[in-house]
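Colleague: sharing a model that was predicted from the sequence below.
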Amino acid sequence: MKTLALLAALLVSNFLLQAQEKTEGVTITVTVPDITSSEGEVIFGLYDENTFMKAAPIKGKKSTIVDGGAKITFSNVPEGVFAIACFHDTNRNNRMDFEPNGMPKEDYGVSNNDMSYGSPLWDDAKFEVNSENLELEIRM
C-alpha cells in the first residue's frame with residue numbers, strides 16, 4: 001500500500017512540475033546558417049515592440065560560430081509578440097559597427113528574414129509566441 005501511495009504521489013508531482021514548466025514560457029531556438037567567416041561571434045537579441053531598435057533587448061545571447069553557423073535558445077519566453085535581431089560581431093566589440101555613411105560593416109539579420117533597405121521594421125520582423133516551442137532560421 002505504501003508503494004502505491006508513493007507511486008501516486010510521484011505521478012501527481014510529475015504532472016504538477018510539467019504544468020508549472022508550461023506556464024513559465026516556451027523556448028525559441030534560432031539558427032543562423034551560412035555565416036561568411038568564422039571570426040568573432042553572433043549576438044542575438046529578443047525584443048518586444050517597445051524595445052525593438054530602440055533599447056536593450058529583453059533577452060540577449062551570444063553564440064560561437066561552428067561549421068559556418070550559429071545557434072542559440074531563448075528559454076522561458078512568455079506568450080506575446082516578439083522579434084529577434086542578430087549580427088555577426090566579427091571583432092568581438094559587442095556592438096554593431098557602421099561605415100561613416102551609416103551602412104553596417106557587419107552582417108545582420110532579423111526574424112522573418114525581411115531584408116529591405118533601411119533599418120529593420122517591427123511589423124516585418126514580429127512573430128507571435130503561444131504555447132508551442134519555436135524554431136527559427138535567420139539569414140544574414
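Modeller: Nice, I can see it. Just so it is clear, the model here is predicted, and its values are computed rather than measured. Numbering: from 1, shown residues only.
Colleague: and the lowest mean pLDDT element among the helices and strands of the chain?
Modeller: For the chain, using mean pLDDT, DSSP states H and E, the weakest element among its helices and strands is helix 2-23, scoring a mean of 38.
Colleague: how distant is whichever helix or strand comes after that helix from the center of its chain?
Modeller: Going down the chain from helix 2-23, the next helix or strand is strand 26-32, by DSSP states H and E. Centroid separation between strand 26-32 and its chain, computed with Cα atoms, centre = their mean, to the nearest Å, is 5 Å.
Colleague: give me the low-pLDDT residue ranges for this structure?
Modeller: Applying pLDDT under 70 to the chain picks out residues 1-23.
Colleague: just the strands in it please.
Modeller: Ranges of strands within the chain are 26-32, 41-47, 59-64, 70-77, 80-89, 108-110, 127-129, 134-137, based on DSSP state E.
Colleague: got the angle for the first one vs strand 41-47?
Modeller: Yep, that's strand 26-32 we're talking about. Strand 26-32 runs at 140 degrees relative to strand 41-47, counting by axes from the mean of the first three to the mean of the last three Cα atoms, to 10 degrees.
Colleague: what helices or strands is strand 26-32 leaning on?
Modeller: Applying 3 or more Cβ pairs under 8 Å, 6 or more residues apart in numbering; DSSP states H and E, we find strand 26-32 packed against strand 41-47, strand 70-77, strand 80-89, strand 134-137. Yep, even glycine has a C-beta here, placed from its N, CA and C like the rest.
Colleague: with only the CA atoms kept, save that strand in CSV.
Modeller: Written as CSV, here are the backbone C-alpha positions of strand 26-32 (Å, rounded to 0.1, in the frame of the first residue of the first chain):
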residue,chain,number,x,y,z
VAL,A,26,8.4,28.4,-24.2
THR,A,27,11.8,28.1,-25.9
ILE,A,28,12.8,29.7,-29.1
THR,A,29,15.7,28.1,-30.9
VAL,A,30,17.3,30.3,-33.5
THR,A,31,19.8,29.1,-36.2
VAL,A,32,21.9,31.2,-38.5
